[in-house]
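Student: Predicted model follows, preceded by the sequence.
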Amino acid sequence: MTIMSLSKALNEGMRKAMEDDSKVLIMGEDVGKLGGVFRVTDGLQKDFGEDRVIDTPLAESGIIGTAIGLALRGYRPVCEIQFDGFVFPAADQIITQLAKMPMRSLGAIKLPVVVRIPCGGGIGAVEHHSESPEAYFTHTAGLRVVACSNPADAYTMIQQAIRSDDPVIFFEPKRRYWEKADIDTASTEWWPPLHKAKVVRPGADATLLAYGPMVKTCLEAATAAEDDGRSLEVIDLRSLNPLDEPVVLESARRTGRVVVVHEAPVNNGFGAELAARVTEQCFYHLESPVLRVGGFSTPYPPSKLEEHYLPDLDRVLDAVDRAFGY
């Protein structure tokens with residue numbers, strides 16, 4: 001077992017993928033000599049060279065466009081978008097090319113491109129540097145969308161994403177980059193499939209559905225709810241598209257109450273899709289409506305207002321109280 005931070009786990013996962021396959025490339029702004037603004041790619045250019053860890057111009061559309069061309073020639077590019085809000089200049093390449101070419105060719109064309117996106121708040125940054133753009137990509141057919149929440153998943157999921165023949169949008173919770181855990185790097189037997197959800201805390205009275213940075217918040221809420229005699233089940237979705245419906249629906253039917261938690265604004269967020277699916281398929285098992293906890297429908301606020309914008313333990317517990325009030 002090795003103790004690693006989430007950022008180091010991503011680094012080691014990419015290192016292992018590069019060692020195993022010479023076609024794996026890292027691309028992005030300052031990913032080489034600097035090692036990325038969060039140092040996730042630190043040391044990789046030194047060890048693998050400038051031909052495999054490529055410092056690109058500040059042009060996200062160019063990064064993804066180049067990666068698509070490389071993928072067509074048999075490479076497996078891993079593109080870093082420096083901050084979540086910087087992904088939008090690359091939206092044309094991601095949505096109209098990366099997502100559609102494999103499907104338009106009936107699978108004859110493979111585009112094994114991973115787009116790494118540090119997401120969410122918690123670092124005192126401002127808009128464009130703290131966003132939660134997952135709903136744009138889960139709405140886009142042809143993209144696999146995943147989100148890690150802890151170092152062990154970061155280590156395994158980045159390797160699985162790189163091995164996938166489909167394009168993968170890979171969200172990393174930037175506020176969790178420095179949190180550490182033990183990781184067994186010597187075995188793959190404990191690895192869950194990339195698109196498998198995890199019950200990270202069993203419970204009987206209500207279900208909390210979360211992903212990325214909000215998983216830890218929900219675990220803290222579940223611990224606090226014990227004082228009120230409530231047993232909350234926490235599910236880490238891990239994969240947003242495709243969604244592991246069986247795990248989600250089984251829990252919803254068993255507990256009868258569901259609260260969806262994400263950092264993105266509630267309005268038209270991914271939580272609405274989760275609420276709709278649970279309601280459609282578990283209606284007669286539910287004791288209350290599926291409730292959502294998320295950010296507000298405003299541009300991301302200045303850093304001094306961040307603590308009021310981001311969902312916290314109290315807002316999660318308030319939603320749980322409302323669920324029990326029906």
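Tutor: Looks like it came in fine.
Student: which helix in the chain runs the most residues?
Tutor: helix 6-20 (DSSP state H).
Student: Distance of the residue nearest to H128 when sequence neighbours are not counted relative to I26?
Tutor: Leaving out its chain neighbours, the residue that sits closest to H128 by C-beta to C-beta, 6 or more residues apart in numbering is G85, at 3.4 Å. All C-beta atoms are positioned from the backbone trio N, CA, C, and that covers glycine. For G85, the distance to I26 (C-beta to C-beta, to the nearest Å) stands at 21 Å.
Student: who's more crowded, these two?
Tutor: Comparing G85 with I26 by other C-beta atoms under 10 Å, the one with more neighbours is I26, at 26 against 21.
Student: That one contacts E50, doesn't it?
Tutor: No - contact criterion C-beta atoms under 8 Å: I26 and E50 do not qualify, at 10.6 Å.
Student: quick one, strands of the stretch 51-200 of the chain?
Tutor: For the stretch 51-200 of the chain, strands defined by DSSP state E, counting those that start in this stretch occupy the ranges 53-55, 76-80, 114-119, 144-147, 168-173, 180-183, 198-201.
Student: Packing partners of the first one?
Tutor: Right, the one you point to is strand 53-55. Strand 53-55 is packed against strand 24-28, helix 44-48, with contacts defined by 3 or more C-beta pairs under 8 Å, 6 or more residues apart in numbering; DSSP states H and E.
Student: how about a markdown table for these, with mean pLDDT added?
Tutor: Below are those laid out as a markdown table (pLDDT from 0 to 100):
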| stretch | mean pLDDT |
| --- | --- |
| strand 24-28 | 98 |
| helix 44-48 | 98 |
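Student: Tell me which of those sits most buried.
Tutor: Sort those by mean neighbour count, taking mean count of other C-beta atoms under 10 Å, and strand 24-28 sits at the top with a mean of 24.
Student: May I have that one exported as CSV, CA atoms only?
Tutor: What follows is strand 24-28, C-alpha atoms only, in CSV (Å, rounded to 0.1, in the frame of the first residue of the first chain):
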residue,chain,number,x,y,z
VAL,A,24,-0.2,7.3,-24.9
LEU,A,25,0.6,11.1,-25.1
ILE,A,26,0.0,13.9,-22.7
MET,A,27,-1.0,17.3,-24.1
GLY,A,28,-1.9,20.7,-22.6
